[in-house]
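Chemist: Make a model of this:
(one chain, ligands or ions: 2)
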Amino acid sequence: MQWLQTQLAAGHAPATLHKSLLKAGWAPHIAQAALVACTQPTPNPARIAPMPEPDLSQHSNQIDVGDRQVQVLLSMQKPRLVLFGNLLSDTECEQLIADARPAMARSRTVATQAHGEEINPDRTSSGMFYTRGQTPVVALLEARIAKLLRWPLENGEGLQVLSYRPGAEYKPHHDYFNPQEPSSAAILQHGGQRVGTLVIYLSDVAAGGCTFFPESQLRIHPCKGHAVFFSYPSPEIHTLTLHGGDPVLQGEKWIATKWLREAPFL
Ligand SMILES: O=C(O)CCC(=O)C(=O)O
Ligand SMILES: [Fe+2]
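Modeler: Ligands and ions are numbered 1, 2, ... in the order given. The predicted structure is shown next:
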């Protein structure tokens with residue numbers, strides 16, 4: 001801890017120190033917990049800006065999104081997270097999968113050291129992106145999400161569909177872009193930071209495949225038509241939004257992820 005405090009005081013970024021700890025043999029979630037314990041959230045008056053957020057002011061247990069009543073199943077403050085049920089019908093889930101199938105390829109994540117994308121061994125799913133409004137179901141879902149999270153449709157990235165077979169997983173990561181990474185500057189020019197994520201479960205999974213938040217030891221078990229929302233007002237580990245997809249043990253996991261930006265994503 002003392003070493004970490006010295007390094008942080010010398011100006012080394014938490015992400016860099018995290019890598020050093022991994023090299024030294026620390027388990028990722030313990031390295032993360034040590035970093036969270038050693039740093040203070042930076043007060044950031046610039047982002048008392050609005051955030052995507054469902055209206056739970058009346059302690060509502062369901063939310064009318066126009067054509068559907070979405071259930072509120074669980075909510076917590078830190079990390080800011082809400083679990084929804086009944087966001088999509090079974091038929092809508094199946095249609096999203098069927099339309100995505102032809103375009104599925106091994107998932108790529110953003111290459112952090114240079115421009116472009118690279119195959120990432122931390123992510124063993126396969127996936128594709130829909131453009132906004134690409135199919136009738138995509139358009140309908142995007143309109144529901146905009147109402148549910150009270151966030152402009154234009155601030156959303158295209159939906160990403162991922163599928164995981166047994167053994168496939170997505171190791172813990174943050175969805176925001178690390179401002180210190182060289183590749184982030186170009187990404188942030190379009191739409192700014194990511195401030196929220198909605199992971200939508202398109203299938204049930206027989207075993208494994210939970211969405212896991214190691215810092216709070218929270219597991220969301222996949223359930224067809226459900227969705228988990230979490231948000232992060234700044235790209236900081238203090239948001240406790242480190243998360244991953246546990247390995248699928250049995251069956252196939254399908255999800256659609258909607259990332260929300262702070263500004264229009266054009
Ligand atoms: O597979 C999961 O449950 C998590 C997916 C995820 O973290 C993402 O799409 O950013
Ligand atoms: Fe993620």
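Chemist: Look up how far T135 lies from F265.
Modeler: 19 Å (Cβ to Cβ, to the nearest Å). (Glycine included, C-beta is placed from N, CA and C.)
Chemist: whoops, I mixed them up, G196
Modeler: Distance from G196 to T135, by Cβ to Cβ: 23 Å.
Chemist: Which of these two has more residues huddled nearby?
Modeler: G196 (25 against 16; other Cβ atoms under 10 Å).
Chemist: can you tell me the helix or strand for the more buried one?
Modeler: strand 194-201 (DSSP states H and E).
Chemist: Is there any residue in that strand that contacts ligand 1?
Modeler: Yes - contact of strand 194-201 with ligand 1 (Cβ under 6 Å from any ligand atom) involves T197, V199.
Chemist: before we move on, what about stretch 257-266?
Modeler: Yes - applying Cβ under 6 Å from any ligand atom, one finds stretch 257-266 touching ligand 1 at T257.
Chemist: how long is that stretch from one end to the other?
Modeler: Terminal residues of stretch 257-266 are spaced 18 Å apart (Cα to Cα, to the nearest Å).
Chemist: How about residues contacting that stretch?
Modeler: Applying Cβ atoms under 8 Å, 6 or more residues apart in numbering, the contact partners of stretch 257-266 are 49, 52, 142, 145, 149, 151-152, 154-157, 159-160, 162, 175, 190-200, 231.
Chemist: what mean pLDDT does it have?
Modeler: For stretch 257-266, mean pLDDT rounds to 96.
Chemist: For it, which residues meet the burial criterion?
Modeler: Buried residues in stretch 257-266, counted by 16 or more other Cβ atoms under 10 Å: T257, K258, W259, L260, R261, E262, F265.
Chemist: Take those residues and keep only those in strands.
Modeler: T257, K258, W259, L260, R261 (DSSP state E).
Chemist: Going by distance to ligand 1, which of the residues you listed wins?
Modeler: Closest approach between these and ligand 1, by Cβ to the nearest ligand atom: T257, at 3.7 Å.
Chemist: For the residue nearest to F265 when sequence neighbours are not counted, what is the enclosing helix or strand?
Modeler: Leaving aside its sequence neighbours, F265 sits nearest to G191 (Cβ to Cβ, 6 or more residues apart in numbering; 3.4 Å). Using DSSP H and E, G191 sits in no helix or strand.
Chemist: Which positions in this structure make contact with ligand 1?
Modeler: Y170, D175, T197, V199, T211, H243, G245, I255, T257.
Chemist: quick one on the thing from earlier: report the two of the buried residues of stretch 257-266 separated the most.
Modeler: For the buried residues of stretch 257-266, the farthest-apart pair by Cβ to Cβ is T257 and E262; their separation is 17.3 Å.
Chemist: what sits against the spatially most central residue of the chain?
Modeler: With distances taken as Cα atoms, centre = their mean, the residue of the chain nearest its centroid is T197 (4.2 Å). Taking Cβ under 8 Å, 6+ apart, we find T197 in contact with D175, F229, F230, S231, T241, T257, K258, W259, L260.
Chemist: per-residue pLDDT, it?
Modeler: Among the per-residue scores, T197 shows a pLDDT of 98.
Chemist: give me the number of residues near the nearest residue to it once chain neighbours are set aside?
Modeler: Nearest residue to T197 in three dimensions, chain neighbours excluded: D175, at 4.8 Å (Cβ to Cβ, 6+ apart). Residues lying near D175 (other Cβ under 10 Å) number 20.
Chemist: what ranges do the helices span in the stretch 151-266 of the chain?
Modeler: Assigned helices in the stretch 151-266 of the chain, in chain order: 184-188 (criterion: DSSP state H, counting those that start in this stretch).
Chemist: show me where pLDDT drops low in it?
Modeler: Judged against pLDDT under 70, the stretch 151-266 of the chain has no low-scoring part.
Chemist: Cheers, nothing more for now.
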